[in-house]
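Engineer: For reference, the sequence and a predicted model appear below.
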Amino acid sequence: MRPGRPTNHPRPRPSPALPLGALAAAQMIAVVTLDGATRPGYDPWRNWVSQLALGPQGWQGTLNMTLCSLWLTLYALALHHHSRQPTPTAATDRHSRTDAPDHHRRTDRASLADRRSPTDAADRHSRTTAGDDAVDPARPPRSRRTEPVSRRGAAHPRADAALAAKRLRRGARWVLACALSLALTAALPTDPGLGFPPGTPPATTLVGQLHQAAGILVYLTGLQATLHLGPRTYARIVAAVMTVAFAAATTLVLLDAYGVWPGTPSGLLERIALFTGLAWTGAAGLTSASPPPEHWPGPKSPPPPAHDPPQGGPPEPEPPAH
């Protein structure tokens, strides 16, 4: 090991704002559930979350959406900062390349020589003695590798780490867009309808139409954030649940508003889409804040034992008989 090189490298500290995504999800689920259960005339089966901003206690629903948008904004900034930090694989590879002793490098070259067969050695010897233009007609041409591989025959882990960091940065941008859309829905109250507030006739205003457009943006940006955070397979499953629930809720609320099917469970389906997306987004922040410690660099392992002599080489001389 080179003198002056430390054996332990510090682990990058995650941002303390990463758990704010889970806080936003927990706050939204708890406040909407409790406020909807105790609000007079509010039916969680039928009415939507944004309708909690109406009525004498509507400030509670507005404050809930405003705070959740604030937590999501800080969470998105923390995700973007976390994606810029060096990954465990990159840190381990960087220090292994700079701190590797000379005998490790010689061992790697010896291991490459061991993988060469005696036929390759003979072929190299014939090219050296006869020249590069000499071709053996009895020997078929050797196929060359076309796919890029690393020195050890596998894809380099730094490429996967770079792709994961790029995907995380995209997810952070979509979380920020979702937070801004949620703040817009809090600033623009929805129109009364679906029997809430009690005694208020349904109405259609420009502000209410803008609120509905902002609500669609919340869903679309939240869907993209879900697809870019966490494991891809499970993220697609969560996104499928969100899509089905939101599409069904939109269809049922239109049937309810026009009197075709009164009392549809559109509010319940909207909660399923909203709560599922927020819970997945917050869980991704918790997993990013606590990476597995075994993937981070630690003390250097002792040097490996010397390699055996290459197979097919000259045999070792026998000891003289006494």
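Structural biologist: Alright, I've got the coordinates.

Engineer: Once you drop chain neighbours, what's closest to L168?
Structural biologist: Excluding its sequence neighbours, the residue lying closest to L168 (Cβ to Cβ, 6 or more residues apart in numbering) is S83, at 4.1 Å. C-beta: built from backbone N, CA, C; applies to glycine.

Engineer: what about the helix or strand containing that neighbour, average pLDDT?
Structural biologist: Element membership of S83 [criterion: DSSP states H and E] is helix 58-84. If you average the pLDDT over helix 58-84, you get 96.

Engineer: Does anything pack onto it? Which helices or strands?
Structural biologist: Helices and strands touching helix 58-84, as assessed by 3 or more Cβ pairs under 8 Å, 6 or more residues apart in numbering; DSSP states H and E, comprise helix 20-38, helix 157-187, helix 266-289.

Engineer: Out of those, which gets nearest to T66?
Structural biologist: helix 157-187 (4.7 Å; Cβ to Cβ).

Engineer: for this structure, which spans come out with low pLDDT?
Structural biologist: Scanning the chain for pLDDT under 70 picks out 1-12, 86-158, 289-322.

Engineer: quick revisit: name the residues of the helix holding S83 that are buried.
Structural biologist: By 16 or more other Cβ atoms under 10 Å, the buried positions in helix 58-84 come out as 61-62, 64-65, 67-69, 71-80, 82-83.

Engineer: Kindly report the same for stretch 43-63.
Structural biologist: 43-44, 46-55, 61-62.

Engineer: and the two most separated of these?
Structural biologist: R46 and T62, at 20.7 Å, using Cβ to Cβ across these.

Engineer: give me every residue that touches G195.
Structural biologist: 41, 43, 46-47 (Cβ atoms under 8 Å, 6 or more residues apart in numbering).

Engineer: could you redo those residues as a markdown table and give each row distance to T190 and secondary structure?
Structural biologist: Output for the contacts of G195, formatted as a markdown table (distance: Cβ to Cβ, whole Å; DSSP: H, G, I helix; E, B strand; the rest coil):
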| residue | distance to T190 | secondary structure |
| --- | --- | --- |
| G41 | 15 | coil |
| D43 | 15 | coil |
| R46 | 14 | coil |
| N47 | 10 | coil |
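
Engineer: out of those residues, which one sits closest to P262?
Structural biologist: Nearest to P262 among the contacts of G195, with distances taken as Cβ to Cβ, is R46, at 8.7 Å.

Engineer: hang on, the earlier thing: kindly compare burial across the helices and strands packed on helix 58-84 and name the winner.
Structural biologist: Mean neighbours per residue, mean count of other Cβ atoms under 10 Å, is largest over those for helix 266-289, with a mean of 21.
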